[in-house]
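[1] model the structure of this input:
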Amino acid sequence: MSETDSNRKSDVYEIDLIEIFAIFWRQRKLILFGTLAVTLLAAALSFFIPKTYRSDGYYQLGNPEKRIKKDENENENENENENKKDNQEALSEKKKLFIGLPITLYNKRAPQFFNPDQLQFFASTEKLLGEKDLNEIKAGFQTTAAIEKWIQPWYAISRGDLREFIQVSNDESNSVLGLKFSYEANSPQKAYSYVYFFSRYVQDCLLYVSLYDYIKEEYSVIISKLSENENAIIDLQFKLLGNTKKILDIKAILNKYPEAAKIESRQVVSVQNKGFRFLAPVAQLVGIESALADQRQELAKLENKKEMLGIRREYFSKCNEALNKLDRRGKIIFSQLKSIKSEVFKNKDFRKGTVKEVVNDLSIDLQVFDLAFFTNCRFISGPTFSARHIKPVKRNIVIFTWLISFFLFIFLALVLNWWQSNKKRIKSF
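    Alright, predicted model coming up:
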């Protein structure tokens, strides 16, 4: 063997497993008793680590929109009187509410209850939690992400299902059936109370947004319809005035030409090489009076509609004022709507059909909101009240500590052996 090969062989560091195991055997007491001591210490300390309890609840959401859609095959020329239903049937229709919110509607309303300012405002005004918990909410829920950690949407169809069923639209067919509330605290009572607080908070936020949209939309629609109604009344009055004047003119002709009353209704008069068919004056008079009767009937309907729209405008204008004055709590606004209804109809004559129809319609709307947010919005699972804590998990602590300490003492044994072997060399420096 050449000298170069022997030098290369001397530079190679060989690991002697027998020597390593011999080191471990010599330091076996350090490894075993050290690992055991650290593990027992960790197990003892785990009893003093604050316990954490968790509460979960699945909360169903209600939607105040009607579930009824007009049948595509329904005859559009069906008589209006046959289509009109009494108030009891209308209420039963409006009771058929959607369970859950469409994705688009949820995305529109979710920012309301993911707003940290709104959460802290609701907590401070409703007093559902103690003073200490209120301070914890102010400190721990300062961002949207902090709220989203404990309030998560519960979808009707999972994303995995959407991949398999191509025909299901993520925005249209899927919906948020409800929300999953969770919270972790140092006691099961506290975790339970926070989950219940979240449910009341979300319910109030959704009620506020729905009432806000309802009041603003209804008020805008009423103003628009009142304008259209006024224009229709003016146009119809103009036609009535014209037909009334035409009747007077025809009667004047009949008085001036008595023989005109005897003209046959089928007589044809030719004017400038063009033929025109004219009705006899008496026939024209009957036709105009018949048109007048229809127009008076239509005017009466428009006047009734105007009266109903006027009552609704009075009601929703007061609701709109209350909405701008009151704080952003749905429960307060909803109770105010009932008070405004009583105030508006206090001096109204309920024997009139217009008054009765408007008050019944508004009562049904309020019942729909009551059903949607105080009946359909409810827990269908939970909130749980767990007597067993989720943290700390003593078994995991013991296993993790044993593994870490075992390898740590093995490394320490190698270090001690190296120190003893090289102690003289180190001191010589």
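
[2] next, the buried residues of stretch 357-366.
    For stretch 357-366, the buried set under the neighbour-count rule, 16 or more other Cβ atoms under 10 Å, comprises 358-359, 362, 364-365. The C-beta positions use only the backbone N, C-alpha and C, and glycine is treated the same way.

[3] just the ones of these in helices?
    By the criterion of DSSP state H, membership of the buried residues of stretch 357-366 in helices covers 358-359, 362, 364-365.

[4] which strands or helices does the longest strand seen in the chain pack on?
    Selection of the longest strand in the chain by residue count, based on DSSP state E, yields strand 175-185. Judged by 3 or more Cβ pairs under 8 Å, 6 or more residues apart in numbering; DSSP states H and E, strand 175-185 is in contact with strand 53-60, strand 101-102, helix 103-113, strand 151-155, helix 188-256.

[5] parallel or antiparallel, which strands does the first one pair with?
    The reference is to strand 53-60. As defined by DSSP bridges, the strand partners of strand 53-60 come to strand 175-185 (antiparallel), strand 378-381 (antiparallel).

[6] may I have the phi/psi pair for Gly62?
    Main-chain dihedrals, Gly62, degrees, to the nearest 10: phi -110, psi 150.

[7] residues near it, how many?
    By the measure other Cβ atoms under 10 Å, the count of residues near Gly62 is 25.

[8] and Gln420, by the same measure?
    11.

[9] looking at strand pairing, list the partners for the closest residue in space to Arg388 that isn't next to it in sequence.
    Spatial nearest neighbour of Arg388, chain neighbours left out: Tyr53 (7.9 Å); criterion: Cβ to Cβ, 6 or more residues apart in numbering. Under the criterion DSSP bridges, Tyr53 forms beta bridges with Ala185.

[10] distance check, Tyr53 against Ile390.
    Look at Tyr53 and Ile390: by Cβ to Cβ, to the nearest Å, they are 7 Å apart.

[11] could you do Asp249 as well?
    Asp249 is 93 Å from Ile390, by Cβ to Cβ.

[12] so the residue nearest to Arg388 touches Ser182, yeah?
    No - assessed by Cβ atoms under 8 Å, Tyr53 is found out of contact with Ser182, at 11.4 Å.

[13] compare these two (neighbour count), which wins?
    Neighbour tally, Tyr53 and Ser182, criterion other Cβ under 10 Å: the higher count belongs to Tyr53, 22 against 19.

[14] who's in contact with the more buried one?
    184-188, 190-191, 386, 388-390 (Cβ atoms under 8 Å, 6 or more residues apart in numbering).

[15] just the buried residues from these, in PyMOL please.
    Buried residues among these (16+ other Cβ under 10 Å), as a PyMOL selection:
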select buried, resi 184+185+188+190+191+389
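
[16] let me see the mean pLDDT of stretch 155-164.
    Averaging pLDDT along stretch 155-164 yields 58.

[17] revised request: answer the last question for stretch 385-402.
    85.

[18] what residues sit buried inside that stretch?
    389, 392, 397, 401-402.

[19] what about stretch 336-352, how long is it end to end?
    25 Å (Cα to Cα, to the nearest Å).

[20] so what's Ile333 closest to, chain neighbours aside?
    Leu211 (5.2 Å).

[21] the one you found is in contact with Ile332, isn't it?
    No - between Leu211 and Ile332 there is no contact under Cβ under 8 Å: 10.1 Å.

[22] backbone dihedrals for the closest residue to Ile332 other than its chain neighbours, please?
    Nearest-residue entry for Ile332: Leu326, 5.5 Å, with adjacent residues in sequence omitted and distances by Cβ to Cβ, 6+ apart. Backbone geometry at Leu326, expressed as degrees, to the nearest 10, gives phi -80, psi 160.

[23] who's in contact with Val38?
    Listed by Cβ under 8 Å, 6+ apart, the contact partners of Val38 are 401, 405.

[24] who's more crowded, Leu211 and Ile332?
    More crowded of Leu211 and Ile332, by other Cβ under 10 Å: Leu211, with 21 against 15.

[25] identify the residues contacting that one.
    323, 330, 333-334, 337, 369.

[26] with respect to Glu136, which of those residues is nearest?
    Checking the contacts of Leu211 against Glu136 with Cβ to Cβ, the nearest one is Gly330 at 24.3 Å.

[27] please verify my assumption that the closest one contacts Asp204.
    Yes - applying Cβ under 8 Å, one finds Gly330 in contact with Asp204, separated by 4.6 Å.

[28] these two - which one has more neighbours?
    More crowded of Gly330 and Asp204, by other Cβ under 10 Å: Asp204, with 25 against 21.

[29] that one and Ile332, how far apart?
    Applying Cβ to Cβ, the value for Asp204 to Ile332 is 9 Å.

[30] go on, Lys132?
    Distance of Lys132 to Ile332, computed by Cβ to Cβ: 26 Å.

[31] repeat for Thr104
    With distances taken as Cβ to Cβ, Thr104 is found 28 Å from Ile332.

[32] got it, and Phe379?
    Distance from Phe379 to Ile332, by Cβ to Cβ: 23 Å.

[33] what of Pro102?
    Taking Cβ to Cβ, one finds Pro102 at 27 Å from Ile332.

[34] ditto for Leu241
    Using Cβ to Cβ, we find Leu241 at a distance of 51 Å from Ile332.

[35] all helices for the stretch 301-429 of the chain, in order.
    When assigned using DSSP state H, counting those that start in this stretch, the helices of the stretch 301-429 of the chain occupy the ranges 330-344, 353-371, 394-421, 423-428.

[36] which helices and strands does the second one pack with?
    Based on contacts counted as 3+ Cβ pairs under 8 Å, 6+ apart, the elements that helix 353-371 packs against are strand 62-66, helix 87-94, helix 188-256, helix 281-325, helix 330-344.
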